[in-house]
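Enquirer: generate coordinates for the sequence data below:
(chains A and B)
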There are 2 protein chains.
Amino acid sequence: MEVRRMKIGIIGLGLIGGSLGLDLRSLGHQVFGVSRKAETCERAMERGAVDDAHTHFGLMQETDVVFVCTPLAVMKSTVTELVPHLFEETVVTDVGSVKGWVVEEIAPLWPNFVGGHPMAGTAESGIEASQRDLFKEAAYVLTPTEQTPLSAVQRVEEIIRPLGTRIYHCQPAEHDRAVAWISHLPVITSASLIAACLHETDPAVFELATALASSGFRDTSRVGGGNPELGVMMARYNKAALVRSLHSYQNVLAQLVEQIEQEDWASLETVLQQTQASRPEFLK
Amino acid sequence: MEVRRMKIGIIGLGLIGGSLGLDLRSLGHQVFGVSRKAETCERAMERGAVDDAHTHFGLMQETDVVFVCTPLAVMKSTVTELVPHLFEETVVTDVGSVKGWVVEEIAPLWPNFVGGHPMAGTAESGIEASQRDLFKEAAYVLTPTEQTPLSAVQRVEEIIRPLGTRIYHCQPAEHDRAVAWISHLPVITSASLIAACLHETDPAVFELATALASSGFRDTSRVGGGNPELGVMMARYNKAALVRSLHSYQNVLAQLVEQIEQEDWASLETVLQQTQASRPEFLK
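Expert: Numbering: from 1, shown residues only, chains lettered A, B, ... in the order given. Here you go, the predicted structure:
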């Protein structure tokens, strides 16, 4: 596939920004990075994630597209600071894991804005964790609204499609509800599992539990033992959808607890048959 | 290490029984199997998991130790049928995932009984899934009581130690509380996650959720999408300890939900810091 060579800006050179840079440069694009830390700019250049990088926005002037890859907490101030430097045709897109808030708060700052969310990551973070092919086969959600220029969406797609992504379009609210189910709810249910175990008051039982825990506990507790700041961010910026999913989860759990207390094994088995049968739908 | 050659019986030739047989034979023991199905006996012999196998207990007569590897639901009837065939010095042990019930119901049937639980398994089951070295580095819990002869415990340890197991001793009730936390509670919280997602009423959001689910959802939902019969069995035979863990989990979850609803991000972050810091204790 012929790739039209573009000038691409990446603001925030962490796992996502750095990995984007590596792939986009290998596709022939020119990639310019921005990071608050000079040391990160240096490392991004050494790793080949960018052609050039600075701590200021000067290099963003003539870019075709800018990917904002900062944490949500600093995204608004970043984009506010960025836009005076842009040529008016430049398309701005973000990679934030919440889209309703982004489209409400960031889109008004720049007409050529497209909300985006690549569903990719590793347990690591930072420029040193950046890697090639992180987005291969990964879902990449775009959330254009009625105000988003079609040309802006097309330009973002032209860049992200050759990365091997599966592109989805949806409303920001639909995105936020979907990720509340499969990404944000699991963090809270998994953290609750670890926190509940810490409530065991018999030291012998607690010690035995830690000694006996194996793959089942390892998997179920993984996302609940992850980065606390990320967990708070997703709760903060996706509060409504997360609370909606949490209430539904609490109801389902209460039902299962009652079935166990009432020794209603037939109903419990029916639920477990449904969950066994349904799980593969989520792992296609 | 010199291994004293023994005659070992294995009743129930599934994943655990078959894998035990493979390792014990390779250590030089003679292994005799029993299965309800002639076909399973045949396959166990073909795979080298047993020296000989039958659908009746005749071969158990001169064994030094018998491992009962049947599901909990048929364990009592199996041992009741087994014991008239045994030489009085034979030690009987089981591999059931619940120990309070076993020690109460099975131990009285045979004086030389030692409750046991190897914490090993795979997603598969049945004789075809049996494999060498399944117990290497795995925890193996023994739950002798004051009535259990020391010689019986020693004989079981003499057999399971060379498999590479880490042997733990504890009270049956301690075992059941520990596995409720790290093995049985995760099944219910994980199943509730899948079941809650199925409650999404907007088809577009549901479809998007299934499309976007990736490694976080895969891991958190794994044990909740497992064998329904096993899930019911563990709830049934470990009800008291599981309900105790579930109530604690519900309380912790309700606290987190309230923190999110109240936007008490500092408290939420404190909990997530605790869970991040504590998880490695369970994965030593």
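
Enquirer: the helix or strand containing residue A:272 and chain B, any residue contact?
Expert: According to DSSP states H and E, residue A:272 maps onto helix A:265-278. Yes. For helix A:265-278, a contact with chain B is found by C-beta under 8 Å from any C-beta of the partner chain, at A:265, A:268-269, A:271-276, A:278. Quick note: C-beta positions are derived from backbone N, CA and C, even for glycine.

Enquirer: quick one: these as CSV, columns for pLDDT and neighbour count too.
Expert: Output for the residues of helix A:265-278 next to chain B, formatted as CSV (pLDDT from 0 to 100; neighbours: other C-beta atoms under 10 Å in any protein chain shown):
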residue, pLDDT, neighbour count
A:265, 98, 15
A:268, 98, 23
A:269, 98, 17
A:271, 98, 23
A:272, 98, 26
A:273, 98, 15
A:274, 98, 16
A:275, 98, 26
A:276, 97, 17
A:278, 97, 16
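
Enquirer: just give me the closest of those to residue B:189.
Expert: residue A:275 (11.5 Å; C-beta to C-beta).

Enquirer: the helix ranked longest in chain A vs helix A:265-278, what angle?
Expert: Counting residues, the longest helix found in chain A (DSSP state H) is helix A:239-261. Counting by axes from the mean of the first three to the mean of the last three C-alpha atoms, to 10 degrees, helix A:239-261 lies at 140 degrees to helix A:265-278.

Enquirer: would you mark the buried spots in helix A:239-261?
Expert: By neighbour count on 16 or more other C-beta atoms under 10 Å in any protein chain shown, the buried set for helix A:239-261 is A:239, A:241-242, A:244-246, A:248-250, A:252-253, A:255-257, A:259-260.

Enquirer: just stretch A:66-85 next, same as before
Expert: So for stretch A:66-85, counting by 16+ other C-beta under 10 Å, buried means A:66-70, A:72, A:75, A:78-79, A:82-83, A:85.

Enquirer: and the helix or strand hosting residue A:10, what does it pack against?
Expert: Secondary structure assignment for residue A:10, by DSSP H and E: strand A:7-11. Applying 3 or more C-beta pairs under 8 Å, 6 or more residues apart in numbering or on different chains; DSSP states H and E, we find strand A:7-11 packed against helix A:15-26, strand A:30-34, strand A:65-68.

Enquirer: burial check on residue A:270, number of neighbours?
Expert: 14 (other C-beta atoms under 10 Å in any protein chain shown).

Enquirer: which residue ranges form the helices in the stretch 101-250 of chain A?
Expert: A:150-160, A:172-179, A:185-197, A:203-212, A:215-221, A:228-237, A:239-261 (DSSP state H, counting those that start in this stretch).

Enquirer: quick one: closest of those to residue B:212.
Expert: Per C-beta to C-beta, nearest to residue B:212 of the helices of the stretch 101-250 of chain A: helix A:172-179, 5.5 Å.

Enquirer: below-threshold pLDDT in chain A: ranges please.
Expert: By pLDDT under 70, the low-scoring segments of chain A are A:1-2.

Enquirer: do that again at 90, thanks
Expert: A:1-4, A:62, A:120-125, A:214-215, A:284 (pLDDT under 90).
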